[in-house]
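Q: Give me a 3D structure for the following:
(one chain, ligands or ions: 1)
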Amino acid sequence: MINYFFKYFSFFYKYLNYRIFIAIALSLMVGVLDGIGIAFFIPLFQLISTGGGADALGNTAGESDVVTNFFLDILQIQPTLLNIFFLIFLFFSLKGIAKFFETYVRIIYQQYFMRKIRISNINLFSKFNFEQFLKADTGRIQNTFSAEVQRVNVAYKHYLKSIQTGALVFVYVSLALSSDWKFTFLVLFGSFFLNILFRFFYKRTKYYSRRYTQKAHRFQNLLIQKVHLFQYLKATGLNDTYAGKLKENIIEVEAVQKRQGVIDSIIAGLREPLVIFVIFLAIFINIYVFEETLGTILLSLLLLYRAITFFIGTQEQWNSFLTVSGSLDNMALFTAELEKGQEDNGSIHFSGLRQGLELNNMTFGFDVKIPIFTNINLKIAKNETVAIVGESGAGKSTLLNILCGLIKPGDGSYKIDDYNIKDLDLNSFKKRIGYIVQDAAVFNDSIYNNVTFWAPKTEENFRRFLKAVKQAAIADFIMGLPAKEDAVLGANGINISGGQKQRLAIARELFKEVDILFMDEATSALDGETEAAVQQNIQQLHGQCTIIIIAHRLSTVKNADRIILMQEGQIVSTGKFEELYEKSSIFKEMVELQNL
Ligand SMILES: Nc1ncnc2c1ncn2[C@@H]1O[C@H](COP(=O)(O)OP(=O)(O)OP(=O)(O)O)[C@@H](O)[C@H]1O
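A: Numbering: from 1, shown residues only. Okay, the predicted model is just below:
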């Protein structure tokens, strides 16, 4: 318990900083004030039992015990009924004030804690390296950002409450020790053995907590895919079969929670009989071995009874904490992974392309043991239009993703103007590029916001919006809609065609007025005529910005300044369309297959 306590302390400290000490100090204060308040009941009982009740106000309690001596020696007041009443009231009032601040601070810090975790993870996630993201479990990301944060918050609440009840145990045990150390020691000794027994159950609780989190990740993963692939599953009648996987997961989650419930019930059922057994054993040893009377241990028995009540409370809080501690482990691991996978970022601000892009002996592999590129050399001049062609799997998209800074090259160098990409502030570079892929990104919002990325609707922005949608050959479609540019697109653009999605994505990049435009099968969903119209408009950008384009349909790349032919991760030939047609038999075959 102590190990876990400190292990998790550092987690809370990371987000709460000095606040965790304030929260703990207030919890301790509540405990101490409560303990002192209750301790004053002892002279009160003594006073009443020695007949003080009759003319209570003037009588004093016996002077035989520690608490009473405390009145005389430290407070320097007589332990009369009135004085005791006053002190009990005073300490419980002080406890009330401390309790108010303790509860207030716990609630405020709880919100603060949630906010800190969420914002810190969102920041880390934004700067998460793309290659790490490719390996990540989306269900886990989604689950950790939503349900797991709630569970971590519950963990925080139980953690602090167990400190608070733990503080009360400490206070009562200290009082009991000062009253009869021998008896108290025996009880503590017995409790220690009980704790060893309970450790088994705590371990199981932790284990099930981790299992629960894993199952919850899986559920989110299956759910995301069900939403994302709904159309396909519906069309193919596989919706029910796939739902079966989700149902299976729901049943597994229930099974984990049931097992957890059994452990909770065992702990709840065993706790009191075992504690009572320990106390009676201690009484027995005290009377028959140490030959003390029951009277001498009565006061410490009363104090220990309070201590044990709070000890049970602490254990309950701690077990509730452990029930959600798997989420805490997951959160710590998730955050560590995000931190480890942070994108390296240089400090040089990119303010526009001046010369061009250059790869020198560049080597790359998603797995270092399986290289996709070895020693690639490529120079792309500013405002050049370069097309990359080649068979499926040749490495075209990976090369484009390296050029746009999404993937870091391995060995060799990649220079943008005179700067190595590693030294550039990547965000400043990425702000000046357009990136359009086959699976166009469409947000669940209005057409205007989709194209302008939530730019304010000023006259100037609207003019640029119209220009971009015209260039992307989507203006007629938008103006034909009843809500025009305010028409809302469904999730992932479900209510528009694939070609319309692609044209909106193109319009968004054109709205940005970028330096370099990266297009990976960006017009693949368009019919020949529409594609020609879009291509003609993009052609107008020729000489104004650098364009790097991947297309299987070779008519799209006919007008490129240079075509790069790739095969199995190598650049096998380059040249203008006609030039390449003459010198490369592979390219010639590709052209002829497409009847160009
Ligand atoms: N995330 C990834 N992890 C591991 N390997 C990958 C990953 N993405 C691509 N690859 C591998 O890299 C190689 C090049 O893939 P890439 O997508 O760049 O080819 P491509 O020429 O663009 O193909 P296509 O025309 O089919 O899109 C392939 O062998 C592919 O299996």
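Q: next helix or strand past the longest helix belonging to the chain?
A: Counting by DSSP state H, the longest helix found in the chain is helix 239-288. Next helix or strand after helix 239-288 toward the C-terminus (DSSP states H and E): helix 294-323.
Q: Please identify the buried residues of that next one?
A: For helix 294-323, burial by neighbour count (16 or more other CB atoms under 10 Å) applies to 296-297, 299-304, 306-308, 310-323. To be clear about C-beta, it is placed using only N, CA and C from the backbone, and glycine gets the same treatment.
Q: ditto for stretch 504-517
A: Within stretch 504-517, the residues that count as buried by 16+ other CB under 10 Å are 504-512, 514-517.
Q: Tell me the spacing between the spatially closest residue to residue 275 that is not a sequence neighbour and residue 409.
A: What sits nearest to residue 275 in space, not counting adjacent residues and going by CB to CB, 6 or more residues apart in numbering, is residue 308, at 5.5 Å. Counting by CB to CB, to the nearest Å, the gap from residue 308 to residue 409 is 65 Å.
Q: ditto for residue 234
A: Note on residue 234: its distance to residue 409, by CB to CB, is 42 Å.
Q: These two: which is more packed in?
A: Remark: of residue 234 and residue 409, residue 409 carries more neighbours, 22 against 10, as counted by other CB atoms under 10 Å.
Q: I'd guessed residue 577 sits against residue 557; true?
A: Yes: assessed by CB atoms under 8 Å, residue 577 is found in contact with residue 557 at 7.2 Å.
Q: Would you point out which residue of the stretch 201-350 of the chain is nearest the ligand?
A: Closest residue of the stretch 201-350 of the chain to the ligand, CB to the nearest ligand atom: residue 341 (14.4 Å).
Q: Who are the contact partners of that residue?
A: 128-129, 132-133 (CB atoms under 8 Å, 6 or more residues apart in numbering).
Q: how about a cut-off of 7 Å?
A: 128-129, 132 (CB atoms under 7 Å, 6 or more residues apart in numbering).
Q: what's the nearest residue to it if we skip its chain neighbours?
A: residue 132 (3.5 Å).
Q: I'd like the average pLDDT over the helix or strand that contains the one you found.
A: Element membership of residue 132, judged by DSSP H and E, is helix 130-135. Taken as a whole, helix 130-135 carries a mean pLDDT of 87.
Q: roughly how far out does that helix sit from the chain middle?
A: Its chain's average C-alpha position is 16 Å from that of helix 130-135, according to CA atoms, centre = their mean, to the nearest Å.
Q: What of stretch 138-151?
A: Put simply, stretch 138-151 sits 6 Å off its chain's centre (CA atoms, centre = their mean).
Q: Show me what it is in contact with.
A: So stretch 138-151 is in contact with 114, 117-118, 121, 213, 216-218, 220-221, 224, 324, 327, 330-331, 334, going by CB under 7 Å, 6+ apart.
Q: and if you look at stretch 581-592?
A: With CB under 7 Å, 6+ apart as the test, stretch 581-592 has contacts from 554, 565, 567, 573, 575, 580.
Q: swap the cut-off to 10 Å and go again
A: Stretch 581-592 is contacted from outside by 389-391, 552, 554-555, 558, 563, 565, 567, 572-577, 579-580, 596, using CB atoms under 10 Å, 6 or more residues apart in numbering.
Q: show me the residues around the residue in the stretch 101-250 of the chain positioned nearest to the ligand that make contact.
A: Per CB to the nearest ligand atom, residue 134 is where the stretch 101-250 of the chain lies closest to the ligand, at 4.3 Å. Residue 134 makes contacts with 366, 407, as judged by CB under 10 Å, 6+ apart.
Q: Look up how far residue 401 lies from it.
A: Counting by CB to CB, the gap from residue 134 to residue 401 is 10 Å.
Q: Need the residues touching each of those two.
A: If you check residue 134 and residue 401 against CB under 10 Å, 6+ apart, the residues they both contact are residue 407.
Q: confidence score at residue 572?
A: 91.
Q: Which of the three states applies to it?
A: What DSSP: H, G, I helix; E, B strand; the rest coil gives for residue 572 is strand.
Q: Do I have it right that it meets residue 388?
A: No: look at residue 572 against residue 388 with CB atoms under 10 Å: they stay out of range, at 11.7 Å.
Q: what's the helix or strand for residue 173?
A: With DSSP H and E as the test, residue 173 turns up in helix 147-179.
Q: ok and the following helix or strand past that helix relative to helix 294-323, angle-wise?
A: Going down the chain from helix 147-179, the next helix or strand is helix 181-228, by DSSP H and E. Computed by axes from the mean of the first three to the mean of the last three CA atoms, to 10 degrees, the angle separating helix 181-228 from helix 294-323 equals 20 degrees.
Q: Tell me which other helices or strands helix 181-228 touches.
A: Here helix 181-228 touches helix 138-145, helix 147-179, helix 230-235, helix 239-288, helix 294-323, helix 325-340, going by 3 or more CB pairs under 10 Å, 6 or more residues apart in numbering; DSSP states H and E.
Q: Next, count neighbours for residue 73.
A: 9.
Q: What score does it have for pLDDT?
A: On the pLDDT scale, residue 73 gets 71.
Q: That one looks like it's in a strand, true?
A: No: according to three-state DSSP, residue 73 belongs to no strand; its state is helix.
Q: how about residue 439, secondary structure?
A: Assigned by three-state DSSP, the conformation of residue 439 is coil.
Q: ok, it - contacts?
A: Contact analysis of residue 439 by CB under 10 Å, 6+ apart lists 492, 498, 501-502, 505, 520-521, 524-525.
Q: what pLDDT does it get?
A: pLDDT, residue 439: 82.
Q: now it: how far from residue 526?
A: For residue 439, the distance to residue 526 - CB to CB - is 14 Å.
Q: give the contact list for the residue nearest to residue 341.
A: Listed by CB under 10 Å, 6+ apart, the contact set of residue 132 reads 337-338, 340-343.
Q: Switch the residues you listed over to JSON lines; also include pLDDT.
A: What follows is the contacts of residue 132, written out as JSON lines (pLDDT from 0 to 100):
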{"residue": "337", "pLDDT": "92"}
{"residue": "338", "pLDDT": "92"}
{"residue": "340", "pLDDT": "91"}
{"residue": "341", "pLDDT": "90"}
{"residue": "342", "pLDDT": "90"}
{"residue": "343", "pLDDT": "86"}
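Q: List just the nearest of these to residue 102.
A: Taking CB to CB as the measure, residue 102 lies nearest residue 338 of the contacts of residue 132, at 32.7 Å.
Q: Tell me the secondary structure at the closest residue to the closest one other than its chain neighbours.
A: Excluding the flanking residues, the one nearest residue 338 by CB to CB, 6+ apart is residue 124, at 3.8 Å. Of the three states, residue 124 takes helix under three-state DSSP.
Q: going forward, begin numbering at 22 instead of 1
A: Renumbered: residue one is now 22, and that last one reads residue 145.
Q: Residue 145 reaches residue 360, doesn't it?
A: Yes: the pair residue 145 and residue 360 passes the contact test of CB under 10 Å, sitting 6.2 Å apart.
Q: neighbours of residue 592, just the number please.
A: 19.
Q: residues in contact with it?
A: 380, 394, 397-399, 409, 411, 415-416, 420, 585-586 are the contacts of residue 592 under CB under 10 Å, 6+ apart.
Q: mind redoing it with 6 Å?
A: residue 585 (CB atoms under 6 Å, 6 or more residues apart in numbering).
Q: Low-confidence ranges, the stretch 272-421 of the chain, go.
A: 315-317, 320 (pLDDT under 70).
Q: Tell me the residues on it that lie near the ligand, please.
A: Residues of the stretch 272-421 of the chain lying close to the ligand (CB under 6 Å from any ligand atom) are 387, 393, 411, 413-419.
Q: For the residue of the stretch 422-571 of the chain found nearest the ligand, give its distance to residue 413.
A: Nearest residue of the stretch 422-571 of the chain to the ligand (CB to the nearest ligand atom) works out as residue 571 at 6.7 Å. Noted for residue 571: a distance of 11 Å to residue 413, by CB to CB.
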